[in-house]
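[1] Below are the sequence and a predicted model for it; my questions follow.
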Amino acid sequence: QVHLVESGGGLVQAGDSLRVSCEVSGRTSGYAMGWFRQAPGKEREFVAGIGWNFGNIYYADSVKGRFTISKDNAKNTLYLQMNSLKPEDTAVYFCAARKGSIFTVPQNYDYWGQGTQVTVSS
């Protein structure tokens, strides 16, 4: 069983930076990790993903160049550094885990955190 707990969300202004974290517990060897977000009235969408061996990292076009996904296996923590935030980045951000490769479709992930709210004011 894998347990995920996000933290670090908040209210920021456009152009600011914010880092959200995801504390991971359980056996995740061989698991890909991903960040997703869901805005009110919209479907959950892929933001970024990282493979178990760090070899593969993918970003949604909408965040490429602004967001950075990373993880610290020693601390069992996944991070999403968000720079140059825009109002359209406002959403609940979720971390997720799945055995195997990175997928951009949320239905392919087996474990989810409860989410953390990120609000970007203009």
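    Nice, thanks for sending it over. Predicted model only: the values in this text are computed from it and were never measured.
[2] Wait, residue 113 touches residue 4, no?
    Yes. With contact defined as CB atoms under 8 Å, residue 113 counts as touching residue 4 (3.6 Å). Every C-beta, even on glycine, is put in place using the N, C-alpha and C of the backbone.
[3] To what extent is residue 56 buried, counted in neighbours?
    12 (other CB atoms under 10 Å).
[4] For residue 86, give me its contacts.
    Listed by CB atoms under 8 Å, 6 or more residues apart in numbering, the contact partners of residue 86 are 14, 120.
[5] Would you list the phi and psi of the residue most central in space within the chain?
    With distances taken as CA atoms, centre = their mean, residue 35 lies nearest the centre of the chain, 2.2 Å away. When quoted as degrees, to the nearest 10, the phi and psi of residue 35 stand at phi -110, psi 130.
[6] Is it in contact with residue 80, as I believe?
    Yes. Between residue 35 and residue 80 there is a contact at 4.8 Å, judged by CB under 8 Å.
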